[in-house]
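1. here are the coordinates; sequence isn't available:
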């Protein structure tokens, strides 16, 4: 069964450092997403990406965040200057066009710890 | 804005049936998903409703009433491995709105 792959599974970084979280969506998927989940809290939408541009972003997704699809397979989330409150689990997801239902697939997540 | 309410925690006995309720108010609605999430892991898909009524999928069933903004997830023949958080997630074409989840504890 196709999977969304995220790397690394865990990352520890110092406050103020830049981090890049990587995702490899399912190969024929066209829509890409990032969500985050602070420990003990709900999963929150960050951003959606389609046709090489952001289609929607939440209030959380401020100027410190950016997304990129640098090649045909990777989808990255960059945090420019990490803060303690960025510590969370970050989930990538993807889906194919016209398959909103069962095709929406989450990756296993990257646990980011900012110290 | 979005508002999704579900109980914080529930306890049930192995072999029993449990119903997890969810009420929601969201801007835009195209369906409602239920996800299971074990601690430290990604949400995994359980069930989906787009029309009113009951959808059955093995031991799991989900019900939706769009006019009432209400859904429930029904878990039958509970097993110890069903101990997890259950997330109610209304869907609006492009993204999910997740509830805080209901932590289900299954006792022997």
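-> Happy to help now that I have it. Because the structure is predicted, anything quoted here is derived from the model rather than measured.
2. strands paired with the least confident helix or strand in chain B by mean pLDDT, and their directions?
-> Lowest mean confidence among the helices and strands of chain B (mean pLDDT, DSSP states H and E): strand B:95-96, at a mean of 86. Partner strands and pairing direction for strand B:95-96 (DSSP bridges) are strand B:84-92 (antiparallel).
3. got the residues of chain B near chain A?
-> B:30-31, B:33, B:40-45, B:48, B:50, B:87, B:89, B:91, B:93-101 (Cβ under 8 Å from any Cβ of the partner chain). From N, CA and C alone the C-beta is placed, and that goes for glycine too.
4. can you flag the buried ones in the residues you listed?
-> B:31, B:33, B:42-43, B:45, B:48, B:50, B:87, B:89, B:91, B:94-101 (16 or more other Cβ atoms under 10 Å in any protein chain shown).
5. tell me what residue A:68 is bridged to.
-> residue A:76.
6. what sits against it?
-> A:75, A:76, A:78 (Cβ atoms under 8 Å, 6 or more residues apart in numbering or on different chains).
7. what about those, which one has the most neighbours?
-> The residue in the contacts of residue A:68 with the most neighbours, by other Cβ atoms under 10 Å in any protein chain shown, is residue A:75 (25 neighbours).
8. tell me the gap between the helix or strand just after the least confident helix or strand of chain B and the middle of its chain.
-> Remark: after strand B:95-96, the chain's next helix or strand is strand B:102-107, criterion DSSP states H and E. In terms of Cα atoms, centre = their mean, to the nearest Å, the centre of strand B:102-107 is found 13 Å from the chain centre.
9. what's the answer for stretch B:61-79, then?
-> On Cα atoms, centre = their mean, the centre of stretch B:61-79 falls 7 Å from the chain's centre.
10. which positions within it qualify as buried?
-> B:61, B:62, B:63, B:64, B:69, B:70, B:71, B:72, B:73, B:74, B:75, B:78.
11. those residues: which two are farthest apart?
-> Spatial extent of the buried residues of stretch B:61-79 (Cβ to Cβ) is set by the pair B:69 and B:78 at 26.8 Å.
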